[in-house]
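A.B. asks: what would the 3D arrangement of this be:
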Amino acid sequence: MVQRRIPRFSELKPLLRPAPFVRDATERRLARAASIADLRDIARRRTPRAVFDYTDGAADGELSLSRARDAWSRVEFSPSVLRDVSGVDTSREILGQRSALPFAFAPTGFTRMMGSEGEPAVAAVAEQVGIPYTLSTMGTTTIEDVAAAAPGARKWFQLYLWRDRSFAKDLVQRAEAAGYDTLMLTVDTPVGGNRRRDVHNGLTVPPALTLRTFVDGALHPRWWFDLLTTSPLTFASLESTEGTVADLINRVFDPALTMDDVTWLRNAWPGKLVIKGIQNVDDARRVVDEGADAVLLSNHGGRQLDRAPVPLELLPPTVQAVGGRAEVLVDTGIMHGADVVAAIAMGANAALVGRAYLYGLMAGGQQGVRKAVDILTGEIVRTLQLLGITHVDDLRAEHARLRPIG
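C.D. replies: This is a model prediction of the structure:
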């Protein structure tokens, strides 16, 4: 039998303290996010449907993306206990320079559509935390303006080789002059993928004020206010930017891209060269033979070929095939710091994250990007500690494996 009593006020007083009020609305909003998935939920509520779907979606039935995320969920760690993990070093050498974290920011197109602060905000966060940032050819801020916004950041430039090679040569020269130390050639885009969400939403560049977008704008007035009161939203490196995203991609991308172009680019670029979009071991060997410093195992975030190989599953055989002659990077579907840890344990030199920071940008601008990094960093540190490891460089194959399917 439980005996009841009336609590004294002194016992209730500690429970009645109000939570401290945070004046900054963005800070209040981001404080509720404990994961990248939480940032994604905030981003979905704060941005128009077409904008969110452009970021969140993939090609056709989106099987490539879902399979990639399933692969990360199949990772099983093997921890070691009774280890002193009071101090953890998350730094990692990536392409000849030390990075504060074992990942870099991947290139993303049309970034100012997700948030008006755009690429400069992302590059600024990369500078603050000490990781590389990759500017996309399809970016909405120029090579020079990003360099000016984050002069101390390590900057990489992602290149599509266009039908007009002279234009590509000009971009390469501008990137070198602006202090970018790594060039990332994307090779999985002979044509644009069939991104159904964009077709259904009628996404154009710049966004068109149809009846549907007008109604959606009424639900997201802040986003439209930012769009209409900042610089016009265009691809900074494209001469023609009108039409749907698919139209632009198919006008620009070159279906005649071959290994000869990799050789030409290797001779034209003095810095580090990464080939992005490698999806089989033989291609990894071929580009390394042509002088690539790194291969990026990627299916373009699932946005090109649906049913494409899963990058994580390609990681161990690719690492074995290149035999230390080049670094191996991996992306697609990374939504948790434990994914990054698993990538390193399974042989990657580093991981690249894209959607994770874009969700942050949509949720809260530069503050949101920093929140995404803080979340991933906390997850990396916690995972390492629970594994009994104090340094990212100590990760080995015995620390992680993929559980069999089924």
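A.B. asks: where does pLDDT dip in the stretch 51-200 of the chain?
C.D. replies: Within the stretch 51-200 of the chain, no range satisfies pLDDT under 70.
A.B. asks: please repeat the previous calculation with a cut-off of 80.
C.D. replies: By pLDDT under 80, the low-scoring segments of the stretch 51-200 of the chain are 162-164.
A.B. asks: what ranges do the strands span in it?
C.D. replies: Using DSSP state E, counting those that start in this stretch, the strands of the stretch 51-200 of the chain run over 75-77, 92-94, 97-99, 103-105, 133-135, 155-159, 182-186.
A.B. asks: let me know which of those is the nearest to residue 3.
C.D. replies: strand 75-77 (48.0 Å; Cβ to Cβ). Backbone N, C-alpha and C define where each C-beta goes, glycine included.
A.B. asks: just checking: what are the partner strands of the closest one?
C.D. replies: Here strand 75-77 is paired, per DSSP bridges, with strand 400-402 (antiparallel).
A.B. asks: tell me how far the partner strand lies from the chain's centre.
C.D. replies: Distance of strand 400-402 from its chain centroid, counting by Cα atoms, centre = their mean, to the nearest Å, is 23 Å.
A.B. asks: other residues contacting it?
C.D. replies: 71, 74, 75, 76, 77, 78, 312, 313, 341, 342, 345, 346 (Cβ atoms under 8 Å, 6 or more residues apart in numbering).
A.B. asks: what's the mean pLDDT across that strand?
C.D. replies: Taken as a whole, strand 400-402 has a mean pLDDT of 97.
A.B. asks: residue numbering should commence at 518 henceforth.
C.D. replies: I'll keep to 518 as the first residue from here, and by that count the last item is strand 917-919.
A.B. asks: what residues sit buried inside it?
C.D. replies: Neighbour-count burial for strand 917-919 flags 917, 918, 919 (criterion: 16 or more other Cβ atoms under 10 Å).
A.B. asks: out of those, which is nearest to residue 814?
C.D. replies: residue 919 (14.3 Å).
A.B. asks: just grab the bridge partners of that closest one for me.
C.D. replies: residue 592.
A.B. asks: any idea how far it lies from residue 896?
C.D. replies: Per Cβ to Cβ, to the nearest Å, residue 919 is found 19 Å from residue 896.
A.B. asks: please apply the same query to residue 560.
C.D. replies: With distances taken as Cβ to Cβ, residue 560 is found 19 Å from residue 896.
A.B. asks: and residue 778, by the same measure?
C.D. replies: In terms of Cβ to Cβ, residue 778 sits 38 Å off from residue 896.
A.B. asks: kindly report the same for residue 879.
C.D. replies: Distance from residue 879 to residue 896, by Cβ to Cβ: 20 Å.
A.B. asks: the more surrounded of the two?
C.D. replies: residue 879 (26 against 19; other Cβ atoms under 10 Å).
A.B. asks: any idea which element that one lies in?
C.D. replies: In this assignment (DSSP states H and E), residue 879 forms part of helix 872-904.
A.B. asks: report the buried residues of that helix.
C.D. replies: Those would be 872-890, 892-894, 896-898, 900-902, 904, for helix 872-904 by 16+ other Cβ under 10 Å.
A.B. asks: what's the answer for stretch 905-913, then?
C.D. replies: For stretch 905-913, by 16+ other Cβ under 10 Å, it's 905, 906, 907, 909, 912.
A.B. asks: neighbours of the closest residue to the last one other than its chain neighbours, just the number please.
C.D. replies: When the adjacent residues along the chain are set aside, residue 912 lies closest to residue 862, with 4.2 Å between them (Cβ to Cβ, 6 or more residues apart in numbering). Other residues within reach of residue 862, judged by other Cβ under 10 Å, total 24.
A.B. asks: over to residue 736?
C.D. replies: 11.
A.B. asks: spit out the contact partners of it.
C.D. replies: residue 565.
A.B. asks: residue 545 is in contact with residue 539, isn't it?
C.D. replies: Yes. At 4.6 Å, residue 545 and residue 539 qualify as touching, with contact defined as Cβ atoms under 8 Å.
A.B. asks: contacts only, for the residue lying closest to residue 828 once chain neighbours are set aside.
C.D. replies: Leaving aside its sequence neighbours, residue 828 sits nearest to residue 814 (Cβ to Cβ, 6+ apart; 4.0 Å). Contact partners of residue 814, counting by Cβ under 8 Å, 6+ apart, are 795, 796, 801, 828, 829, 831, 832, 835, 845, 846, 847, 848.
A.B. asks: check which helix or strand covers the third one.
C.D. replies: Secondary structure assignment for residue 801, by DSSP H and E: helix 798-806.
A.B. asks: which neighbouring elements make contact with that helix?
C.D. replies: Using 3 or more Cβ pairs under 8 Å, 6 or more residues apart in numbering; DSSP states H and E, the elements in contact with helix 798-806 are helix 776-785, strand 789-795, strand 811-814, helix 828-839.
A.B. asks: and residue 702, how close does it get to residue 790?
C.D. replies: Distance from residue 702 to residue 790, by Cβ to Cβ: 7 Å.
A.B. asks: ok, now residue 593?
C.D. replies: Taken as Cβ to Cβ, the span from residue 593 to residue 790 is 35 Å.
A.B. asks: and these two? Which one has more around it.
C.D. replies: residue 790 (23 against 9).
A.B. asks: so what pLDDT did the more buried one get?
C.D. replies: 98.
A.B. asks: tell me who's in contact with it.
C.D. replies: Residue 790 touches 699, 700, 702, 782, 783, 808, 809, 810, 811, counting by Cβ under 8 Å, 6+ apart.
A.B. asks: ok, residue 626 next?
C.D. replies: Contacts of residue 626 (Cβ under 8 Å, 6+ apart): 653, 654, 655, 656, 752.
A.B. asks: among those, who's most crowded?
C.D. replies: residue 656 (26 neighbours).
A.B. asks: dihedrals phi and psi, that one?
C.D. replies: phi -70, psi 170 (degrees, to the nearest 10).
A.B. asks: for the nearest residue to it once chain neighbours are set aside, give me its contacts.
C.D. replies: Nearest residue to residue 656, sequence neighbours excluded (Cβ to Cβ, 6+ apart): residue 636, at 5.3 Å. For residue 636, the contacting residues are 628, 629, 652, 656, 657, 658, 663, 666, by Cβ under 8 Å, 6+ apart.
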